[in-house]
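[1] Quick one, what's the 3D model for this:
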Amino acid sequence: MIGQILVVDDNRSLVEILQMDFELRGHKVVTAYDGEEGEKAIRENHPDMVILDVMMPKKNGYSVCRDIKRDPELSKIPIILLTAKNTKDDIYWGYDCGADAYVTKPYESGELIRLVEQMLMDYREGKRSYAWTGLPDGSVVEKESRLRMEAGGESLLINIELKEEPKEVYIQKYGMGKYRDFVHTIAWRLYNAIQEVSQTALLGQYADDTFILLINPTEENKMKEKIKLVCEEIMPNFYDSEDRKRRGILKRDIASGAETLVSFMSFDWKKN
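    Numbering: from 1, shown residues only. Predicted coordinates for the structure are as follows:
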C-alpha cells in the first residue's frame with residue numbers, strides 16, 4: 001500500500017535513512033526536523049502516515065500528537081511515535097496523547113516498514129481500532145452508516161462525549177491512570193448494554209475518548225435511557241467514599257478559596 005509518509009525527527013541522519021527506506025518501496029516521503037515544523041507539515045500536506053519523534057526542539061512529539069488528534073480534520077491520520085523514551089510511563093503517555101503505535105529506538109527496520117504498511121492499509125480500509133479498549137475506530141462506524149444509507153436503510157450517528165469540566169476535575173484528583181481505567185470499563189459496559197437493546201447497533205471510539213454510536217433512529221430513546229442507567233451504575237465505583245456521598249468532587253478556587261461541587265462525570269448526547 002503506497003502512501004505519503006511524513007517523518008519528523010531532529011536527527012537528520014535518521015530522517016535520511018527512513019526517507020531512503022520508504023522511498024525505495026515507492027512511498028512519497030516528506031520530512032521535518034522539529035515539532036513546530038512537523039505540525040505545520042501535517043496541516044499543510046495531510047499525509048497518510050506520520051512517524052514522529054518525541055524529544056525535539058520547539059515542540060515535543062507528545063504535544064504535536066495530542067494537538068493533531070484533537071483536530072477533527074486530521075485526527076484520523078495514523079501517528080507512530082518513534083523514540084528512545086522506552087519506560088512504561090513513556091509508552092503510556094504516548095498512547096494517552098493519541099498515538100496509534102509506539103516504537104522504541106533502536107528499532108528493526110523491517111519491522112517498522114511492515115508496521116507502517118499494515119497501518120496504511122488498515123487506515124484506508126477503515127480497520128484501525130484502539131488497542132487499549134479494542135473498540136473500532138470512529139471511521140469504521142461512519143463508514144457503516146454510509147453503507148446502510150446507500151442500501152436504503154435508516155441510520156443515526158450519535159457522539160457520546162464526556163463533559164469537559166467533570167472530566168478535567170476527575171483527572172486532577174485521581175490521575176490519568178484511574179481515568180483510563182474508567183474509560184476502558186465504560187467502553188465495554190456500554191458495548192454490552194447497547195447489544196442488549198439492538199444487535200445491529202455499533203459502537204466506536206475516536207482518539208479523544210469520544211464514543212460514536214450507530215443505531216436505527218427508532219432506537220434512540222431506549223438506547224439513551226440504557227446508557228444513562230449504565231453510567232449511574234458505574235460512575236460511583238470510580239470515586240472515593242467522600243466523593244460518593246457528595247455525588248461529586250469539591251473544586252477549590254485558588255484565588256478566592258471558595259469551593260464548588262463538580263458532579264460525577266457524565267455524557268453529552270449529540271446527534272451527527
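[2] show me where the stretch 101-250 of the chain has helices.
    109-125, 138-150, 164-174, 176-197, 220-234, 241-246 (DSSP state H, counting those that start in this stretch).
[3] And these: which comes nearest residue 267?
    helix 220-234 (6.5 Å; C-beta to C-beta). The way it works is simple: take the backbone N, C-alpha and C, and place the C-beta from them, glycine included.
[4] in the closest one, what's buried?
    223-224, 226-227, 230-231, 234 (16 or more other C-beta atoms under 10 Å).
[5] now swap in stretch 36-47 and tell me
    For stretch 36-47, by 16+ other C-beta under 10 Å, it's 37-39, 41-42, 47.
[6] quick one on the thing from earlier: now distance to residue 64 and pLDDT too, for the buried residues of helix 220-234, in a markdown table please.
    A markdown table is the format used below for those (distance: C-beta to C-beta, whole Å; pLDDT from 0 to 100):
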| residue | distance to residue 64 | pLDDT |
| --- | --- | --- |
| 223 | 36 | 94 |
| 224 | 36 | 93 |
| 226 | 38 | 93 |
| 227 | 33 | 92 |
| 230 | 35 | 91 |
| 231 | 33 | 91 |
| 234 | 33 | 90 |
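[7] neighbouring contacts of the helix or strand of the chain with the lowest mean pLDDT?
    Across the helices and strands of the chain, mean pLDDT, DSSP states H and E gives its lowest value to helix 88-96, namely a mean of 73. The contact list for helix 88-96 (C-beta atoms under 8 Å, 6 or more residues apart in numbering) reads 54, 62, 65, 81, 83, 85, 102, 104, 131-132, 176-177, 180.
[8] Identify the residues contacting residue 105.
    82-84, 86.
[9] Please report the distance of the closest residue to residue 235 other than its chain neighbours from residue 147.
    With C-beta to C-beta, 6 or more residues apart in numbering as the criterion, residue 235 has its nearest non-adjacent residue at 4.5 Å, and that residue is residue 264. Remark: distance between residue 264 and residue 147 (C-beta to C-beta, to the nearest Å) = 37 Å.
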